[in-house]
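Asker: Predicted model follows, preceded by the sequence.
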2 protein chains.
Amino acid sequence: MVLSREDAVVLDAADPLSPIRDLFEIAAGDLVYLDGNSLGRLPRATPGRLDDFVRREWGAELVRGWSSWMELPTTVGDLIGEHLLGAAPGQVVVSDSTTVNLFKLASAAAAARPGRRVLVTDDDNFPTDRYVLEGLAASAGLELRILHADIDEGLSTEELTAGVDDDTALVVLSHVAYRSGALLDMKAVTSLVQDRGALLLWDLCHAAGAVPIDLDGSGVDLAVGCGYKYLNGGPGAPSFLYVRRDLQPELVSPIWGWFAQRDQFAMGPTFQPHPDVRRFLAGTIPVAGLVALEEGVRPLAQAGIAALRAKGAALTSLIIELHDAWLAELGFRLATPRAADRRGSHVSLEHPDAWRICRALIERRGVIPDFRGPDRLRLGPAPAYTRFVDVWDALDRIRQVVLTREFEEVSDELPAVT
Amino acid sequence: MVLSREDAVVLDAADPLSPIRDLFEIAAGDLVYLDGNSLGRLPRATPGRLDDFVRREWGAELVRGWSSWMELPTTVGDLIGEHLLGAAPGQVVVSDSTTVNLFKLASAAAAARPGRRVLVTDDDNFPTDRYVLEGLAASAGLELRILHADIDEGLSTEELTAGVDDDTALVVLSHVAYRSGALLDMKAVTSLVQDRGALLLWDLCHAAGAVPIDLDGSGVDLAVGCGYKYLNGGPGAPSFLYVRRDLQPELVSPIWGWFAQRDQFAMGPTFQPHPDVRRFLAGTIPVAGLVALEEGVRPLAQAGIAALRAKGAALTSLIIELHDAWLAELGFRLATPRAADRRGSHVSLEHPDAWRICRALIERRGVIPDFRGPDRLRLGPAPAYTRFVDVWDALDRIRQVVLTREFEEVSDELPAVT
């Protein structure tokens, strides 16, 4: 039974997360934004917090501000760890980009399994994950084994089982696939990999803030994730990384920077890594980015990940229901797992004209989806602020754009959106 | 002849850079800030620019903002290159921390000289430079040769000549020493190192914005530098890196990230580095940091590096003159080259109680200097906004704090200031 628009409005009125939406800057009559999994919206508290940071902490306190800024990588890390990752304090730090954090952890992990010569990932993993591992394999003389993952359904247990062996040092997988949204079973996959003696590094970019994660409870080794998607830290926000406590002493970052130094301000002659997870910091921390990220995470902490997950599942289920009713007959095909417990909080729809449909929605219909090659329209409703009526309107406008062939009027120039 | 305070006021009134000071947020009766070489002051334009970025570019444009943000690493890099580095466009990019950029360039350089097994730096170089090279040597099986530099006068030509040979792959040196301020002759040192077939990487953290730099004219290979000192980008601002155009094709970053990929949004199966300097980007760029850094550099571009250098030389000369007149007899010793053309824009004064004197100035006298071990008071007047009267007041208060033994009343707890 397909909802009417009025039914969607009723669902929003009953939504326990509607007060969370009010924590974000959303203009009246604003566009339908279904790309919060690429760049999260601006929290209302962020401009004021940043302005206070800039004028008072930097402008007036000047260099004295460092006495509090020094704590930000761990306090923001622990905030994310507690509310979104199931990680006890002292295992998460925030700084640098996801790419740099991935490089640090993957390099350290490969070096910690010196007898093993294979790094493993899958061909549907996000490009920077694949490229970082390709570079690491090249420089360290290792083999990169790229498993085949279905671009709709994700990596199968069979493929993973066959691809990880006694020569595997490290496996890098995305918990939620960036294109299809396919969700892996963190605990089962972690056990499977660890049983073969390899380390596992989870990329949580499309998972953190969208699905419940229990790093400690799942016995996870390593993880990295993004600050600017569901975590609302702003474009290029710093990234978080997790190193399980008992692994910390044995893993050493390849980048021996002064913020990773045990007694940093002694400025001693040789590098002595921090005993704790701060050994995976590197250079001077990006303070403005950390401050903004802290504000970005607060609405999620207030909402609770269970409520966010329930809402995300309902929103993506509505997308699929409306797809089945309206879009399947217009040449679309669902390119995301149909079972809610097998996907994250975004849905991809395959269509041969996906790119021009995406452009037409942005340029003419006030809807911002995302495009992912080769022919996918990716819809990412962020549970913290996307309404049921937003999904209804978006799917209705997709239907209109295709029914009227309006998309044929826009350029087919290629994309440049992250 | 020692100036009176009135003489200093007269010098300020005649200072052609006094309009540049007005471009910074400095409260009336504000403290005497002599640590702009650790954290530059807040430009007046920055809060408004950041607020516009946050509310309009991020909050309203959302993911569409990337169409302009993508250019920031090169446009901000070229701005710094043109006004402060003597670098033609296309050779400087901004992203990541100084430490990460140093790691990327040093790793690439070592890999580009595969027959040579020695990395060279000096024992007075900034800790993160030494640590990064120590880590690189350990992981790549290379030797790190640490030359001895005088902590007052810097690295001698004799020591450098003896320390660089046919087995040297890379030399990493600071153009201006972080503690003493000793300035190396960029062109002469570059030639000396290149004549032996090694690559040279300049750390410009304490030089950029303080002294004229002609990277292209000096034939420099590689350089990195800091965005949060004289460049006023705010705490943890992103760092710049320079790769000479003809070297770009042969050098490959160790971090194969998606922002270094030639055709980034094709998201292809293998890493193909950008043909230009963007191959040394890594992960998603820190947009807020780039925006703030652009505003931080503008006042310097307006002032011109020649005027900044002249003012910096005059300010540091005044420090030395007042030291000679007042402080030498109180147990201080000049720990910086006396000749203006052999130092950058900061001066270190040795005193056995330097740490407590530093704390007393900050806590009781409204002066912010910096402390550098083992026993140095470091005074960094930033030419863009420090006045002659600020220097006069600071030296006068240092004299008072020592004459009255006021410093004996403060804690001798150890420092935690960057």
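Answerer: Here it is on my side, so go on. Because the structure is predicted, anything quoted here is derived from the model rather than measured.

Asker: Please make it C-alpha for all contacts and neighbour counts, starting now.
Answerer: Fine.

Asker: contacting residues for the residue of chain A most remote from its centre?
Answerer: In chain A, the residue that sits farthest from the middle, by Cα atoms, centre = their mean, is A:P269; the gap is 38.4 Å. Listed by Cα atoms under 8 Å, 6 or more residues apart in numbering or on different chains, the contact partners of A:P269 are B:123, B:127, B:130.

Asker: Verify the assumption that the last one is located in a strand.
Answerer: It refers to B:R130. No - B:R130 is assigned helix when assessed by DSSP: H, G, I helix; E, B strand; the rest coil, not a strand.

Asker: residues in the stretch 101-250 of chain A within reach of chain B, list them.
Answerer: For the stretch 101-250 of chain A, the residues in contact with chain B (Cα under 8 Å from any Cα of the partner chain) are A:103, A:123, A:127-136, A:139, A:234-238.

Asker: thinking again about what came up before, chain A: which of the contacts of A:P269 is nearest?
Answerer: For the contacts of A:P269, the closest approach to chain A (Cα to the nearest Cα) belongs to B:P127, at 5.7 Å.

Asker: hang on, the closest one packs against A:W258?
Answerer: Yes - if you go by Cα atoms under 8 Å, B:P127 and A:W258 touch, sitting 6.4 Å apart.

Asker: These two - which one has more neighbours?
Answerer: When neighbours are counted by other Cα atoms under 10 Å in any protein chain shown, A:W258 comes out ahead of the other of B:P127 and A:W258, with 28 against 22.

Asker: thought that one was touching B:R130?
Answerer: No - using Cα under 8 Å, A:W258 makes no contact with B:R130, being 9.3 Å away.

Asker: if you average pLDDT over the longest strand belonging to chain A, what comes out?
Answerer: As assigned by DSSP state E, the longest strand anywhere in chain A is strand A:168-174. Regarding strand A:168-174, the rounded mean pLDDT is 98.

Asker: List the neighbouring strands of it plus their orientation.
Answerer: strand A:118-122 (parallel), strand A:199-203 (parallel) (DSSP bridges).

Asker: can you list those in TSV and add distance to B:L318, mean pLDDT and mean neighbour count?
Answerer: Converted to TSV, the strands paired with strand A:168-174 look like this (distance: least, Cα to Cα, whole Å; pLDDT from 0 to 100; neighbours: other Cα atoms under 10 Å in any protein chain shown):
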stretch	distance to B:L318	mean pLDDT	mean neighbour count
strand A:118-122	60	98	24
strand A:199-203	55	98	24
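
Asker: Could you dump those strands into a markdown table with distance to A:A14 added?
Answerer: Shown next, in a markdown table, are those (distance: least, Cα to Cα, whole Å):
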| stretch | distance to A:A14 |
| --- | --- |
| strand A:118-122 | 41 |
| strand A:199-203 | 34 |
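
Asker: Nearest to B:L395 among the ones you listed would be which one?
Answerer: Among the strands paired with strand A:168-174, strand A:199-203 comes nearest to B:L395, with 53.6 Å by Cα to Cα.

Asker: what does that closest one rub up against?
Answerer: By Cα under 8 Å, 6+ apart, strand A:199-203 touches A:105-106, A:109, A:169-175, A:190, A:193-194, A:220-225.

Asker: now do 6 Å
Answerer: With Cα atoms under 6 Å, 6 or more residues apart in numbering or on different chains as the test, strand A:199-203 has contacts from A:170-174, A:221-225.

Asker: same check, this time on stretch A:156-168
Answerer: A:116-118, A:196, A:198.

Asker: Could you identify the most distant pair in those residues?
Answerer: Using Cα to Cα, those reach their maximum pairwise distance at A:R117 and A:R196, which is 13.6 Å.

Asker: so where is chain A shaky, pLDDT-wise?
Answerer: Within chain A, the stretches with pLDDT under 70 are A:1, A:414-418.

Asker: And the helices in it?
Answerer: Counting by DSSP state H, chain A has helices at residues A:5-13, A:18-21, A:45-52, A:66-69, A:72-80, A:98-111, A:127-140, A:157-163, A:186-195, A:287-303, A:305-322, A:354-364, A:388-403.

Asker: Would you mind listing the outside residues contacting the second one?
Answerer: Put plainly, it is helix A:18-21. Against helix A:18-21 from outside (Cα under 6 Å, 6+ apart): A:384-385.

Asker: Pull out the buried residues from it.
Answerer: Going by neighbour count (16 or more other Cα atoms under 10 Å in any protein chain shown), the buried part of helix A:18-21 is A:18, A:20-21.

Asker: so which of those residues would you say is closest to chain B?
Answerer: Among those, and counting by Cα to the nearest Cα, the member closest to chain B is A:R21, at 13.9 Å.

Asker: give the contact list for the residue sitting nearest the centre point of chain A.
Answerer: Taking Cα atoms, centre = their mean, the centroid of chain A lies closest to A:C205, which sits 1.8 Å from it. For A:C205, the contact set (Cα under 6 Å, 6+ apart) comprises A:225-226.

Asker: Tell me how far it lies from A:Q261.
Answerer: 27 Å (Cα to Cα, to the nearest Å).

Asker: Please apply the same query to A:A339.
Answerer: Computed as Cα to Cα, the A:A339 to A:Q261 distance reads 46 Å.

Asker: repeat for A:P43
Answerer: The span separating A:P43 from A:Q261 equals 34 Å under the rule Cα to Cα.

Asker: Of all the residues in stretch A:324-338, which ones are buried?
Answerer: Neighbour-count burial for stretch A:324-338 flags A:326-328, A:332-338 (criterion: 16+ other Cα under 10 Å).

Asker: again, but for stretch A:258-277
Answerer: Neighbour-count burial for stretch A:258-277 flags A:258-262, A:264-265, A:267, A:271-274, A:276-277 (criterion: 16+ other Cα under 10 Å).

Asker: how about the CA coordinates for it, as PDB?
Answerer: This file holds the C-alpha atoms of stretch A:258-277, laid out as PDB (Å, rounded to 0.1, in the frame of the first residue of the first chain):
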ATOM      1  CA  TRP A 258      55.200  15.300  17.000                       C
ATOM      2  CA  PHE A 259      51.600  15.000  18.000                       C
ATOM      3  CA  ALA A 260      52.200  11.200  18.300                       C
ATOM      4  CA  GLN A 261      55.200  11.700  20.600                       C
ATOM      5  CA  ARG A 262      54.900  10.600  24.200                       C
ATOM      6  CA  ASP A 263      56.400  13.700  25.800                       C
ATOM      7  CA  GLN A 264      55.700  16.100  23.000                       C
ATOM      8  CA  PHE A 265      57.000  19.300  24.400                       C
ATOM      9  CA  ALA A 266      60.200  17.900  25.700                       C
ATOM     10  CA  MET A 267      61.100  17.800  22.000                       C
ATOM     11  CA  GLY A 268      63.600  15.100  22.600                       C
ATOM     12  CA  PRO A 269      66.100  13.700  20.100                       C
ATOM     13  CA  THR A 270      64.200  10.500  19.200                       C
ATOM     14  CA  PHE A 271      60.600   9.400  18.500                       C
ATOM     15  CA  GLN A 272      58.900   7.700  21.500                       C
ATOM     16  CA  PRO A 273      55.300   7.000  20.500                       C
ATOM     17  CA  HIS A 274      52.500   7.800  22.900                       C
ATOM     18  CA  PRO A 275      51.500   4.700  24.900                       C
ATOM     19  CA  ASP A 276      47.900   5.200  23.900                       C
ATOM     20  CA  VAL A 277      45.900   5.800  20.800                       C
END
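
Asker: biggest separation within the buried residues of stretch A:324-338, which pair?
Answerer: Between all members of the buried residues of stretch A:324-338, the farthest pair (by Cα to Cα) comes out as A:W326 and A:P337, at 18.5 Å.

Asker: Let me know how buried the closest residue to chain B within the stretch 101-250 of chain A is, in neighbour terms.
Answerer: Residue nearest to chain B within the stretch 101-250 of chain A (Cα to the nearest Cα): A:G236, separated by 4.2 Å. Residues contacting A:G236 under the criterion other Cα under 10 Å number 24.

Asker: same deal with A:K311?
Answerer: 25.

Asker: Leaving out the residues flanking it, which one is nearest to it?
Answerer: In this structure, A:K311 finds its nearest non-sequential neighbour in A:P383, 5.5 Å apart by Cα to Cα, 6 or more residues apart in numbering or on different chains.
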